[in-house]
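Trainee: Below are the sequence and a predicted model; questions follow.
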Amino acid sequence: ISKGPGNSKSAKSTAVPPGPPMYLDLVYIPNHSNRKNVDVEFFKRIRSSYYVVSGNDSAAEEPSRAVLDSLLEGKAQWDSNMQVTLIPTHDSEVMREWYQETHEKQQDLNIMVLASSSTVVMQDESFLACKIEL
């Protein structure tokens, strides 16, 4: 039996294959920071000064505590201690608990969590916002 490229199955699939790191200024963590698409390998490879953490659905585990922990584990393996800023788009229980429980490790790894409670009001609409200066 001959296996073509589309017929082989890999025992383990990762969202980001191993390889050299890529350095970016701003990265949106995919899939509302769900652990199905983001793991430690993502943060080992995709190195950014700013990560946007979306997700406000605790039933779907978004954002995922596992993803936030993966950031700590992946960042610990970087060869530099550059500052990383985490930008949550929503105030969630998961984010608050993770922040409190891992605050010392965040400081050791030079990770800052940007807390924003700014509101923009335009005409008849208001929404939460965060200003980022690069």
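Mentor: It's in.
Trainee: can you tell me how far the residue nearest to the spatial centre of the chain sits from Asp124?
Mentor: When CA atoms, centre = their mean is applied to the chain, the residue found nearest the centroid is Ile29 (4.4 Å). Distance, Ile29 to Asp124, using CB to CB, to the nearest Å: 32 Å. Yep, even glycine has a C-beta here, placed from its N, CA and C like the rest.
Trainee: what residue ranges in this protein are flagged as low confidence?
Mentor: By pLDDT under 70, the weakly predicted segments of the chain are 1-16, 32-35, 57-62, 115-120, 127-134.
Trainee: If we use 50, what do you get?
Mentor: Scanning the chain for pLDDT under 50 picks out the ranges 1-14, 133-134.
Trainee: Which residue ranges of it form strands?
Mentor: For the chain, the strands defined by DSSP state E occupy 22-28, 46-53, 84-88, 111-113, 118-122, 125-129.
Trainee: Now tabulate the ones you listed in TSV and tack on mean neighbour count.
Mentor: Converted to TSV, those look like this (neighbours: other CB atoms under 10 Å):
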stretch	mean neighbour count
strand 22-28	12
strand 46-53	20
strand 84-88	20
strand 111-113	17
strand 118-122	9
strand 125-129	10
